[in-house]
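Visitor: Next come a sequence and a model predicted from it.
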Amino acid sequence: MDQSAAPPALVAAAMKKVGLVWLAPVGGSAVAAWLLWRDGSAYVVGGPGEQPLTGIAVGRPALVTVASKEHRNRLVTWVADVDQLRPSSREWERVVPQLLAKRLSAASDAAGRWATSGWVLRLTPTGEIAEAGDSLPATTLAAPPVPTPATTPYRMPGRLGRRRRR
């Protein structure tokens with residue numbers, strides 16, 4: 001899809017309201033990613049010290065799953081072309097300040113770190129909708145928790161945050 005072409009109306013409407021999506025390489029498992037939606041494309045940041053974008057690579061299509069903020073159910077899954085922004089490019093200069101403003105815990109040197117050891121990716125809709133409406137899976141698709149040696153050393157109180165009645 002040409003970058004200047006408008007994304008499908010369903011994608012544009014869904015993306016205007018979200019700050020987090022699920023990204024997956026075609027045939028791979030999904031990871032959650034915060035993003036910035038501007039001018040018909042989604043921009044995500046990845047790399048060391050940033051969100052892991054496992055399997056998402058430049059030049060390979062990615063699946064972007066959008067969930068409703070209110071109901072937490074999947075709305076649409078669309079196919080994206082993945083491109084990397086070059087530091088000091090016109091698009092970098094336009095998008096990175098907006099990403100920094102949206103980032104809740106951005107360090108003062110975040111833009112420099114993104115330019116040297118990380119990356120800013122542009123996800124542009126191809127126009128292909130992978131899942132929407134009746135084609136969405138009826139099951140949760142939730143993965144089981146990752147095994148961990150971490151435990152809670154004590155039992156949590158039963159009435160945490162509630163006042164005792166008299």
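Guide: Yep, that arrived.
Visitor: and the helix or strand where W37 lies, which strands flank it?
Guide: Element membership for W37 (DSSP states H and E) is strand 36-38. Strand 36-38 has the following sheet partners, assigned by DSSP bridges: strand 41-46 (antiparallel).
Visitor: quick one: buried residues of the strand holding W37?
Guide: By neighbour count with 16 or more other Cβ atoms under 10 Å, strand 36-38 contains the buried residues L36, W37. Quick note: C-beta positions are derived from backbone N, CA and C, even for glycine.
Visitor: residues in contact with it?
Guide: Outside of strand 36-38, the residues within contact range by Cβ atoms under 8 Å, 6 or more residues apart in numbering are M15, K16, V18, A42, Y43, V44, V95, Q98, L99, K102.
Visitor: Off-centre distance for that strand?
Guide: For strand 36-38, the distance from its own C-alpha centre to the chain's C-alpha centre is 11 Å (Cα atoms, centre = their mean, to the nearest Å).
Visitor: Would you write a PyMOL line that selects the buried entries of the contacts of strand 36-38?
Guide: Buried members of those, identified by 16+ other Cβ under 10 Å, are gathered into one PyMOL selection as follows:
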select buried, resi 15+18+42+43+44+95+99
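Visitor: mind putting the contacts of strand 36-38 in CSV, distance to V76 included?
Guide: Rendered in CSV, the data for the contacts of strand 36-38 read as follows (distance: Cβ to Cβ, whole Å):
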residue, distance to V76
M15, 9
K16, 12
V18, 11
A42, 13
Y43, 19
V44, 17
V95, 23
Q98, 23
L99, 23
K102, 22
